[in-house]
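Undergrad: Here is my input; please provide its structure:
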Amino acid sequence: MSNTSSNEYFRDVVRREFDRRSVLKGIGAAALTVAGSGVLSAQAQDAAHAGVPAGPPPAPGANTPEGLRFEAVAPNTKDAVVVPSGYTSQVVVRWGDPVVPGAPEWKLDRQTPETAAVQFGFNPDFAALLPLDESENRYLFVCNHEYTTPQQMLPGYDPENPTEDEVRIEWASHGLSVLEVQGNDRDGSLTPVMGPYNRRITATTPFTLTGPAAGSDLLRTGKDPRGSTVLGTLGNCAGGVTPWGTILSGEENVDQYFAGGGQVSGDEAKERYKRYGMEDSETVRHWERFDRRFDLSLEPHEAHRFNYVIEINPWDPSSTPVKHTAMGRFKHEAATIHVADDGRIVAYSGDDSRFEYIYKFVSSRRIVEGGSRWAIAENMKALDEGTLYVASFEGNSEDFTEGRLPEDGAFDGHGAWHKLATSNPDGSVTSHIPGMTGEEVLVFTRIAGDKAGATKMDRPEDIQTSPTTGKVYAALTNNSYRGAGRPGKHDAPTAEYAPIKENKNGLVLEMDDDHTGTVFSWNLLLVCGDPQAAETYFGGFDKNSVSPISCPDNVAFDPHGNLWISTDGNALESNDGLFGVSLEGPTRGLTKQFLTVPNGAETCGPIVQGRRVLVNVQHPGEDDTATVESSSSHWPDGGSSLARPATVVAWKRDNSPIGL
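TA: Residues are numbered from 1 along each chain as shown. Predicted coordinates:
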């Protein structure tokens, strides 16, 4: 946790707002929890029901919205992908499967850096499925690979003494895969095809830096004195498909790859690395032993070239991917695009760490229609020109001036977007933060957010705009270190209204944003957890008729406008899963579990189409002790086989539309 600023914390806004309402309504703290405040007292929390609730999961009803008419999957701990009755699933591609034509089949004891660079990488996260040549049955499947777990990949791996070949296998297993896949008219299965678009991007693939920070002294290194070309991408988490057909991906937890931040020269440089969590003299991976760029005491600017939004053109296998400096540098969980009514391009992104911020980028250019090479190139430039903002949140205190609760009983508020930097058409950048240059704002965006007074959030992860309503939905996964006495906060809440000690299960935030403007309103759609626990809230829907959900991570939308949420780190004694949520009308807040993933796995990259649902099953079997030789999961091949991260597709056995 690297944010020690005194900026306000979002859950303090929540607590304060309900304190006001309790006074005005003359009600006690226990009643407040029913409204979904998430400010249950510590004593009440301890007494609340824990674990997976008993009883059958909610079944489809006559009033269930289209897209959600399936029998919800019950919480479970099976080492399998579990789908609803009447559905089936199949692995599309798994770690080590060939991607590039001519790539060999994967063998555990024959891994090399060369073979890994042409096979499907480790730990897939974001996924996209792009129609190929207007065919309903041929697609480009694009997937990123967030990180590697070498002890679960390499037999006999010694974490204190990795070999150079083992490290280079890790480098080759990061990045992205582009893979053609073939469907059919009989079912929802997808089969990999060795086509001309297939490509692997790794931790050593050249990237071009774009935007005003490119060429800055802050981005120049010994091997790249111009500050324009970076080798590779790391820590890719969620992403997005642009309207012009390219792929965005957010570089997230890159601090794990860089050593020596605490040994660089100068107090200011040390503080900058501290703010980005890069202080250790060595990393657990020990990559710095084999490439000096991962040792910041030797190459102090190398880490400044990561933590950006990257963009690749999957339609041109020879194209050089880019890193957009104008969109800021932080742990980008994603960057999803919304095109405003005036044609400007808006990209939302969360900084996925405890007490970090929510950002948006608004282009000054308008979108160019069409899918020509020229249109793609022009639209990619749009992400290099515009204004970067950070968000602050307030409660609707004006609701209480007349001493009454809002009619809808919801917990909500308003917020503001604060300008950080404007990237200009001439390649210059204007800072809106006193004491920081424009280049400094783009490279040290977290520090700029601190100075702007942004609101600290509970691990803001994936953020998506509804294609039907334009509302913005953000997953706030959890925060296991919140509560009184947290760094940077000196208030001591009273016992009556003390916040819960930990936000173990997360929140889903709904924002009604003036996309190109500076104001928004917000409310809590979900306060996640066990529906039987008093502090949980499901948009006002009957909590006896919802699935328990914990630790929301990625969000997506189906063709009917329902929100779909994948989870990471379920705190309810069940495996992670994928959930559909109704957003409008009398069923708003109805939450139903569609699938669960195997032991130790995280659910990533959901794609929900008319007749298919795809998820990435990341890190099956992962825990503190898992190795190639010992694991809690043997999915997907079963028996005593090694667990392998993979992509799964699910469909209805009669091949009819999902959820109907």
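
Undergrad: if I've got this straight, residue 127 is in a strand?
TA: Yes - under DSSP: H, G, I helix; E, B strand; the rest coil, residue 127 falls within a strand.

Undergrad: now the nearest residue to it once chain neighbours are set aside: how far from residue 565?
TA: Leaving aside its sequence neighbours, residue 127 sits nearest to residue 605 (C-beta to C-beta, 6 or more residues apart in numbering; 3.5 Å). Where you see a C-beta, it was placed from the backbone N, CA and C, and this is true even at glycine. In this structure, residue 605 and residue 565 are separated by 12 Å, where distance is defined by C-beta to C-beta, to the nearest Å.

Undergrad: where do the contact lists of these two overlap?
TA: Common neighbours of residue 605 and residue 565 (criterion: C-beta atoms under 8 Å, 6 or more residues apart in numbering): residue 554.

Undergrad: And the residue nearest to residue 127, which helix or strand is it part of?
TA: With elements taken from DSSP states H and E, the one containing residue 605 is strand 602-608.

Undergrad: That strand pairs with which strands, parallel or anti?
TA: Strand pairing for strand 602-608, determined by DSSP bridges: strand 613-618 (antiparallel).

Undergrad: Packing partners of whatever helix or strand comes next after the partner strand?
TA: Helices and strands here follow DSSP H and E; after strand 613-618, the next one along the chain is strand 646-652. Helices and strands touching strand 646-652, as assessed by 3 or more C-beta pairs under 8 Å, 6 or more residues apart in numbering; DSSP states H and E, comprise strand 87-94, strand 124-131, strand 613-618.

Undergrad: what's the closest of those to residue 5?
TA: The stretch from these with the least distance to residue 5 (C-beta to C-beta) is strand 124-131; that distance is 28.7 Å.

Undergrad: in the closest one, what counts as buried?
TA: Judged by neighbour count (16 or more other C-beta atoms under 10 Å), strand 124-131 contains these buried residues: 124, 125, 126, 127, 128, 129, 130.

Undergrad: list the contacts for the third one?
TA: Contact criterion C-beta under 8 Å, 6+ apart gives 143-144, 236-240, 249, 334, 554, 604-605, 616 as the residues in contact with residue 126.

Undergrad: let's go with 6 Å and repeat that
TA: Contacts were defined as C-beta atoms under 6 Å, 6 or more residues apart in numbering; by that measure residue 126 touches 144, 238, 239, 249, 605.

Undergrad: Report pLDDT for the nearest residue to the first one once chain neighbours are set aside.
TA: Translated: residue 144. Beyond its immediate neighbours in the sequence, the residue positioned closest to residue 144 (C-beta to C-beta, 6+ apart) is residue 236, lying 3.7 Å away. What the model reports as pLDDT for residue 236 is 95.

Undergrad: tally of neighbours for residue 236?
TA: With neighbours defined by other C-beta atoms under 10 Å, the count for residue 236 comes to 28.

Undergrad: Next: residue 237.
TA: The criterion is other C-beta under 10 Å. On that basis, residue 237 has 26 neighbouring residues.

Undergrad: so where is the stretch 101-250 of the chain shaky, pLDDT-wise?
TA: Counting by pLDDT under 70, not a single residue of the stretch 101-250 of the chain qualifies.

Undergrad: for the stretch 251-400 of the chain, that is, sorry about that
TA: Along the stretch 251-400 of the chain, the parts satisfying pLDDT under 70 run over 396-400.

Undergrad: ranges for the helices of it?
TA: Secondary structure of the stretch 251-400 of the chain by DSSP state H, counting those that start in this stretch: the helices cover 267-275, 373-382.

Undergrad: Let's have those in a markdown table, adding distance to residue 152.
TA: Shown next, in a markdown table, are the helices of the stretch 251-400 of the chain (distance: least, C-beta to C-beta, whole Å):
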| stretch | distance to residue 152 |
| --- | --- |
| helix 267-275 | 29 |
| helix 373-382 | 36 |
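
Undergrad: Tell me which of these is the most buried.
TA: With neighbours defined as mean count of other C-beta atoms under 10 Å, these peak in mean count at helix 373-382, which reaches a mean of 17.

Undergrad: helices and strands around that one, which ones?
TA: If you count contacts as 3 or more C-beta pairs under 6 Å, 6 or more residues apart in numbering; DSSP states H and E, helix 373-382 packs onto no helix or strand.

Undergrad: Flag every buried residue along stretch 211-224.
TA: Neighbour-count burial for stretch 211-224, with 16+ other C-beta under 10 Å as criterion, is recorded at 211, 212, 213, 214, 215, 216, 218, 219, 220, 221, 224.

Undergrad: Need these in JSON lines (columns: distance to residue 307).
TA: Output for those, formatted as JSON lines (distance: C-beta to C-beta, whole Å):
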{"residue": "211", "distance to residue 307": "14"}
{"residue": "212", "distance to residue 307": "16"}
{"residue": "213", "distance to residue 307": "12"}
{"residue": "214", "distance to residue 307": "15"}
{"residue": "215", "distance to residue 307": "18"}
{"residue": "216", "distance to residue 307": "15"}
{"residue": "218", "distance to residue 307": "13"}
{"residue": "219", "distance to residue 307": "12"}
{"residue": "220", "distance to residue 307": "17"}
{"residue": "221", "distance to residue 307": "16"}
{"residue": "224", "distance to residue 307": "17"}
